[in-house]
Structures are given as C-alpha cells and as structure tokens.
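S.K.: please find the sequence and the predicted model below.
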Amino acid sequence: MRRSGAVALALATLLLGGCSATLTGAKGEPVTSGPPPTSDATPEVADPGLSGSVDDPAYDIALSEPVEDSYYPDVGDPGVDALHYDLSLAWTPRTRTLEGVTTLIFRATGDAESFQLDLGPALEVSAVTVDGAEVPAEHDGDDLVVAAPVVADERYAVEVHYAGTPEPVQAPTTRTDFSTLGFTITPSGEAWTMQEPYGAHTWYPVNDHPSDKALYDFTLSVPSPWTGVANGELTSRTEEAATTTTQWHLAEPAASYLTTVAFGDYTSTTNTSASGVEISYWVPSGSPQLADGLERAAAGLDWLEERLGPYPFDTLGFLLVDSQSGMETQTMVTLGITDYTMSERVLVHEMAHHWYGDQVTPEDWRDVWMNEGMTMYLQGMWQAERAGISVDEQMDSWAATEETSRTESGPPAAYDPGAFGENNIYYGPALMWHELRERIGDDAFLRVMREWPAARDNRSTDRDDYWAWLEEETGEELTAFLDAWLLGETTPPRD
Ligand SMILES: [Zn+2]
C-alpha cells in the first residue's frame, strides 16, 4: 500500500523510540528550500487535444474490471475503465494556481446516461467535451458527473478544462506523520503530491481507485528555473518565455494513488545499478548533497533484484519533497526530507513496492496488506542481514508489538477503515510470511515471493486470487493459516 515511508516513520517511532520529524537533510543540515522563480510568468497550459484513435490497441494493456471499494466507496466509479490520462498542468506559484487540461480515454463498463469522475471541489471546471463535442457536466463536491450517454465496451475521449488552488483531503488515518492526501503547497509555493489511499482527484479528474490502472502522459509547465517532475520517463524539457515545460511518459499502467507530481526548484543526478537500471534523483537545488545518501539506493536495488527478479519497469527515480512521510509511486519514490524517510531501510522498502504494490496492485483497500506485508518482510530480511542477526531474531523483535497494533487498529485484512496505514497492516503480515516460510521451506517460499508480482504483471487483484494462487503453487491447504493471520483478532502462535 502506500506511504511506506510513512510506514517506516511509524515503525521508527515504535522501534527506535522516537524519530525526528524536523526537516533536516541526511546529514542533519537544514534544507535550503528553493528560491522563488525569477519571473512572474503565468505559464500557459498546453492543450494536447486528441491524437490517434481511442480504439488504438496500445491502450489494451490498461483494460481493467473496476470495482467499488469495500472500504472507501465514495471514491471511484466502476462504470469507468480509464485507459489513458494525458495530463497537461501549469503551476503558477505566485498565485498558487493550477490550471489543467485532462484528456482521458476510457471504456464504459455498462450502458448509462452519464458517467462520473472524481475531482476536488476547489478546482473549477470551465469546459468538458466528449469526443470533441461540448457536453454538460455537474461538479458537486468531489464528483464530476458528465451528462453524456455511454454504451458498454465503447471507448470515449473526455477532455476536462479546470483551474484553481488545489486543496488536499483528509486522510482516513490516525497516523501522526500525515493527515491529508493529495496536492500539497509549501510555504514557498512549491507543490508535491502523496495520496494513498485516495487524493489524486485533488489535482486531476480521475477514476480514483486502484482497481482501475491506466497509462499516463504528463506535460508540466512552471516558471523557470523551477521544474515539474512526474512519474515515468522524462521525454522532453524546454525553456521558453520564462517557462520550463517537461514531458513525462509512463509506459505501463498505474493506479491513481501511485501517480505523483511536484513543482519546485529541482536538480537531478543519476547513477546505475549493477543490472543496468539508471536511477535518477530529484533533490532541491539548494541542497545537492542530499543526493549522496539517496544514491545508496542502487545497492539496495541490486539486493532486491537478487530476490525478486529484474526491476519491473523501464525507469526508476527518487523525488525529495517537503513532507514528514514518503511513499512509493509508479517508477518513482517520493520521500520527505527527514533522516528516517531517507534511510537505507526505507529506500529498500519503497523500492520493494515497485514489485509489491505497483506491478501487482490490490483492487480493494481492504487488501493493502498485500503490499505492506511483503515489503516489510523484505525490509526485515535486509535489516537482519545488515545487523548480522537471523531473520527469526528480526521477526521476534517485531512480534513484540504485533498484538498491540492488532488490538488497536484491527486485524490486518479487516482493519478499522478510519485507521488506514497503521502498524497492524505491516507487522502481522510480515510475521505471517515468515511463518509460511517456516512451514513450506526456503525454496518454495522464495520462489512464490519472487513469482507472484510477475504472475499478475500490471494487474490489480484481490485476496481470493492471491490465496488460490499460493495454494496452487505450494500444494498446501492454507485457508485456516491465512484466515488466522489476516482476519484473526489475536496474533496466531508462532513456530
Ligand atoms: Zn510500504
């Protein structure tokens, strides 16, 4: 699931007895926030228009069967199967204004007189078209209802023009390292986003649900010398009329909670893993030394690839923002600039999410344990190795707090919906994976750990599919075991 950085921070509180939330660099230096842009330019939003056919088979990779969330049903609409978002965004720091044009190609999942997207109420919609024709739309609260009839399995292009000062939404959590989701504006006018489990709709019209992955292209404009950063590959960068425009392309489908965008004074460096993955590091221009610590990610990626197989995407990047927490995003890791969120264990945890969370994604938020359990377990394996202790000993140290977090926030796969991302979804499932390893042996366990994400490459799925696959692969009857660990009110006995 999501802010694993935040997760990590929560862990730090538990395991390290307190973690500084002060905004300091990796070596404790204060971070220089970016100077304001040198010009007062108001960047213009590009209007990409629709190029090509909505029926282009290139979009087929993003076909999904969207579902209504059992935990947060107010967000997302199963009537829409988003295939490709073309997001053109212009950010004016002086006025805190985001101007956007979103062109979404989607498949209608049924016949209907209208369809619905999520869009924050702070953004004012000026025009909506479907296949080029202007249509009426009602923007009520977080819902944008487009009054255009759709036919099951037909594809449409909807274009939405909007502008405003985005406002984040309340997070359904009691965690102290974050309380809001979505587009966040810093005192200096920089902006960044983190949005697990929902919050993408604070900055673009979207079917904001993880069961509906889609392809993305971004065109980001901001006054120079600031830069816009997003997921995927940076395909172009131009400076014209005191405006920097960058374009980003995401070649594989992503869940909306895994999209990210940031506008600010960034500089980038790169290094390369042993397997040849080039990793980019986007850090505040005033604090280039922050990249030094992050560049250890290359060694962490080597370690993960030995266990999980080749990195599943074409690009990998790290983006530092003014936050107390961090989270994996698609092909990117967005991290707050704190000693903890930039620590090596967090880098490993967040990169592990690119297999567990990004490559295969839970289709319902009740199953966020599918992400956090295995990334925590991998983090535990890594920590044990670094500390020179056994994984057993690492798990013993975590087990000490498992019962408490289960009591406070509920069983890992039946947690309290108002307690999203608490420790119960991390430790218990990590312990469960270790118990499964004891039960079926290293060979079988390490094989299923490695093979599951690729077995559901680019898909969103649920616990039933995962459990059935595990039973098929291991030849074991696991229902009672999984039920006890994921749905039980108390921690099952450990071997
Ligand atoms: Zn995580």
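M.R.: Yep, that arrived.
S.K.: all contacts plus neighbour counts: C-alpha atoms, from now on.
M.R.: Will do.
S.K.: which stretches in the stretch 201-350 of the chain count as helices?
M.R.: Ranges of helices in the stretch 201-350 of the chain, per DSSP state H, counting those that start in this stretch, are 290-294, 297-308, 344-352.
S.K.: most tightly packed of those?
M.R.: helix 344-352 (a mean of 26; mean count of other Cα atoms under 10 Å).
S.K.: show me what that one is packed against.
M.R.: Applying 3 or more Cα pairs under 8 Å, 6 or more residues apart in numbering; DSSP states H and E, one finds that helix 344-352 contacts helix 4-16, helix 297-308, strand 327-329, helix 369-387.
S.K.: ok, and what's touching the helix or strand following it?
M.R.: Toward the C-terminus, helix 344-352 is succeeded by strand 360-362 as the next helix or strand (DSSP states H and E). Applying Cα atoms under 8 Å, 6 or more residues apart in numbering, the contact partners of strand 360-362 are 1, 210-211, 255, 368, 370-371, 453-454, 456-462.
S.K.: I'd like the average pLDDT over strand 360-362.
M.R.: On average, the pLDDT along strand 360-362 is 98.
S.K.: repeat for stretch 365-379
M.R.: 98.
S.K.: how many neighbours does Ser51 have?
M.R.: 6 (other Cα atoms under 10 Å).
S.K.: whichever residue of the stretch 301-450 of the chain sits closest to the ion and Ala399, how far apart?
M.R.: When scored by Cα to the ion, the stretch 301-450 of the chain has Glu372 as its residue closest to the ion, at 4.9 Å. Using Cα to Cα, to the nearest Å, one gets 16 Å for the distance from Glu372 to Ala399.
S.K.: these two - which one has more neighbours?
M.R.: Ranked by neighbour count (other Cα under 10 Å), Glu372 and Ala399 place Glu372 first, with 32 against 17.
S.K.: so the more buried one sits against Tyr426, correct?
M.R.: Yes - with contacts counted by Cα atoms under 8 Å, Glu372 reaches Tyr426, the gap being 5.3 Å.
S.K.: so does stretch 320-337 get close to the ion?
M.R.: No - counting by Cα under 5 Å from the ion, the ion has no neighbours in stretch 320-337; the shortest distance is 6.9 Å.
S.K.: now do stretch 185-198, average pLDDT.
M.R.: The pLDDT scores in stretch 185-198 average 96.
S.K.: now name the helix or strand holding Thr95.
M.R.: Per DSSP H and E: nothing holds Thr95, as it lies in no helix or strand.
S.K.: that one: neighbour count?
M.R.: Other residues lying near Thr95 total 12 when counted by other Cα under 10 Å.
S.K.: picking up where we left off before, turn the helices of the stretch 201-350 of the chain into CSV, including mean pLDDT and distance to Leu117.
M.R.: Output for the helices of the stretch 201-350 of the chain, formatted as CSV (pLDDT from 0 to 100; distance: least, Cα to Cα, whole Å):
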stretch, mean pLDDT, distance to Leu117
helix 290-294, 93, 37
helix 297-308, 98, 36
helix 344-352, 97, 29
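S.K.: turn those helices into JSON lines, columns for distance to the ion.
M.R.: Below are these laid out as JSON lines (distance: least, Cα to the ion, whole Å):
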{"stretch": "helix 290-294", "distance to the ion": "17"}
{"stretch": "helix 297-308", "distance to the ion": "15"}
{"stretch": "helix 344-352", "distance to the ion": "6"}
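S.K.: where are the low-confidence patches of this structure?
M.R.: 1-36, 38-39, 47-50 (pLDDT under 70).
S.K.: mind doing that once more with 90?
M.R.: 1-52, 176-178, 495 (pLDDT under 90).
S.K.: tell me the domain ranges of it?
M.R.: Split into domains by automatic domain parsing, the chain comes to 40-264, 360-487.
S.K.: what are the phi and psi angles of the closest residue to Ile440 other than its chain neighbours?
M.R.: Closest residue in space to Ile440, ignoring its immediate chain neighbours: Thr474 at 7.5 Å, by Cα to Cα, 6 or more residues apart in numbering. Per-residue torsions, Thr474: phi -100, psi -20 (degrees, to the nearest 10).
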